[in-house]
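**Student:** kindly return the folded structure for what I paste below:
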Amino acid sequence: MNCLEYRRLMETAPAEAGAEAHEHARGCPSCADLGRRAARLDRLMHRAVRVPLPENLEARILMRQSFDRPQRPRARHRAWAALAAGLLLAVAVAWYGVRVVDQEARLHEELVALVEMADYALEARGPVRSDALSDALRPVGLGLREPVGTVSFAGRCLVRGNLSGHLVIRESATPVSVFLMPDEHVSRTSSFRRDGWHGIVAPAGRGTVGMVVPGEEHIDPALLERMLRAVRWRS
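**Tutor:** Numbering: from 1, shown residues only. From the prediction side, this is the model:
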């Protein structure tokens, strides 16, 4: 079982996780964390639908309906309704959190896969001229307001089936793969380490910027800020 299969199982049927899923989680800290979140959410959902009801509630409802004048619900009934609403809200919040983490993990996986498949981009030495850089980004509807450093490769790729910009910036011995994704929208900045790579994904105006470097290296915060400031998204 790989990470993607494990996450799909946790999203759809965490209670059905078998020996293979548990074995995968023992060797993958990120999936183990997702599994704990999914199990907690599953317990919350079961607890929410098993809220005990007041004794003889059905008889009380029928009796109330037999009166001509409607009566105000008792405080106890209002308390039970408030409790049920609170539990449902807690379930919704927890489910949203699991979904956000899962979507982030899938995007991280795809960026790493793109870097590994596009080894030719890492081997390019450049530098790419400014006019060639503009030509590479124009079909995606992208542009740069200012220089971002020494660009050794400029091209395009598909991220989740959407056309995106793909740059490699080489200001030191370590190449930095940069993905400019106009159709990807994240709510927060997230970093990750996966399969020997270190990456970061950050919201940037109308789109998202992702960066990936070899796992032992660090992404320069100044480079990320410069890229976030420079990218110009399509209108």
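
**Student:** following the host helix or strand of residue 153, which helix or strand shows up next?
**Tutor:** Using DSSP states H and E, residue 153 maps to strand 151-159. Next helix or strand after strand 151-159 toward the C-terminus (DSSP H and E): strand 162-169.

**Student:** tell me which residues touch the residue nearest the centre of the chain, please.
**Tutor:** In the chain, the centroid-proximal residue (C-alpha atoms, centre = their mean) is residue 104; its distance is 2.0 Å. Shown in contact with residue 104 (C-beta atoms under 8 Å, 6 or more residues apart in numbering): 186, 190, 192, 201. Heads up, the C-betas are built off the backbone N, CA and C, glycines and all.

**Student:** just the buried members of those?
**Tutor:** For the contacts of residue 104, a burial check counting by 16 or more other C-beta atoms under 10 Å picks out 186, 190, 192, 201.

**Student:** gap between the first one and residue 104?
**Tutor:** I take that to be residue 186. 7 Å (C-beta to C-beta, to the nearest Å).

**Student:** joint contacts of these two?
**Tutor:** residue 201.

**Student:** run through the protein and note the low-pLDDT ranges.
**Tutor:** Residues of the chain meeting the criterion pLDDT under 70: 11, 40-101, 235.

**Student:** one step back: so of the buried ones among the contacts of residue 104, which ones are in strands?
**Tutor:** Among those, the residues falling in strands (DSSP state E) are 190, 192, 201.

**Student:** all helices of this protein, in order?
**Tutor:** 3-12, 19-26, 29-49, 57-65, 75-117, 119-123, 130-137, 221-230 (DSSP state H).

**Student:** ok, the nearest residue to residue 3 once chain neighbours are set aside - contacts?
**Tutor:** Closest residue in space to residue 3, ignoring its immediate chain neighbours: residue 31 at 5.6 Å, by C-beta to C-beta, 6 or more residues apart in numbering. Residue 31 makes contact with 3, 6, 7, 10, 24, 25 under the criterion C-beta under 8 Å, 6+ apart.

**Student:** which one is the fifth one nearest to, not counting chain neighbours?
**Tutor:** Think residue 24. That would be residue 1: by C-beta to C-beta, 6+ apart, it lies 4.6 Å from residue 24.

**Student:** ok, the residue lying closest to residue 26 once chain neighbours are set aside to residue 22 distance?
**Tutor:** Nearest residue to residue 26, sequence neighbours excluded (C-beta to C-beta, 6+ apart): residue 32, at 7.1 Å. Counting by C-beta to C-beta, the gap from residue 32 to residue 22 is 9 Å.

**Student:** next, count neighbours for residue 105.
**Tutor:** 20 (other C-beta atoms under 10 Å).

**Student:** does it really touch residue 6, like I thought?
**Tutor:** No - when contacts are counted by C-beta atoms under 8 Å, residue 105 is not listed as touching residue 6 (10.0 Å).

**Student:** identify the contacts common to the two.
**Tutor:** In contact with both residue 105 and residue 6: residue 34, using C-beta under 8 Å, 6+ apart.

**Student:** what about residue 19, distance to residue 1?
**Tutor:** Distance from residue 19 to residue 1, counting by C-beta to C-beta: 10 Å.
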